[in-house]
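Undergrad: Based on what follows, work out the 3D shape:
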Amino acid sequence: MTDAALHLAGWYLALGVVGLIGLPPATLLCEHLSTRGVLLARPIGLAGIALATWLLAWSGWVAYGTPLVLGVLAGAAVASGAILATRREAVGAIRARWRTLLLGEALLLAVFALLVWA
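TA: A predicted model of the protein is given here:
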């Protein structure tokens, strides 16, 4: 694999991690939607992580950089795990919509490939 391919795979993996972290909050925030917000998990996760990172750096408590972003990612992962541990219906909602998640993943992969090779 070339360096460019590894770089692209890293970005796709990062999007996947953000999507997994955003899945439990999305199911809670969008519980009245028929899909329970599973297709909105990446945007919700990305917005939450970006906002938390920006607020912490803007406040001057922590210097902006990779350690801050990784710390916010870890904190968001812990919060998502807490949601899954306390709200069992969120787990059932995610499992019931696995086809929607798979369709969304295929769509993201197609758009990602289109943007890379266009």
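Undergrad: Residues in contact with the helix or strand bottoming out on mean pLDDT in the chain: which ones?
TA: Within the chain, confidence by mean pLDDT, DSSP states H and E is lowest for helix 88-96 among all helices and strands, at a mean of 83. By C-beta atoms under 8 Å, 6 or more residues apart in numbering, the residues outside helix 88-96 that reach it are Leu23, Pro24, Thr27, Leu28, Glu31, Arg36, Val38, Ile83, Leu84, Leu101. Placement of C-beta: from N, CA and C, glycine included.
Undergrad: got the buried residues for it?
TA: Residues of helix 88-96 classed as buried: Ala90, Ala93, Ile94 (neighbour count, 16 or more other C-beta atoms under 10 Å).
Undergrad: got the angle for the lengthiest helix in the chain vs helix 88-96?
TA: For the chain, the helix with the greatest residue count under DSSP state H is helix 3-29. Relative orientation of helix 3-29 versus helix 88-96 (axes from the mean of the first three to the mean of the last three C-alpha atoms, to 10 degrees): 130 degrees.
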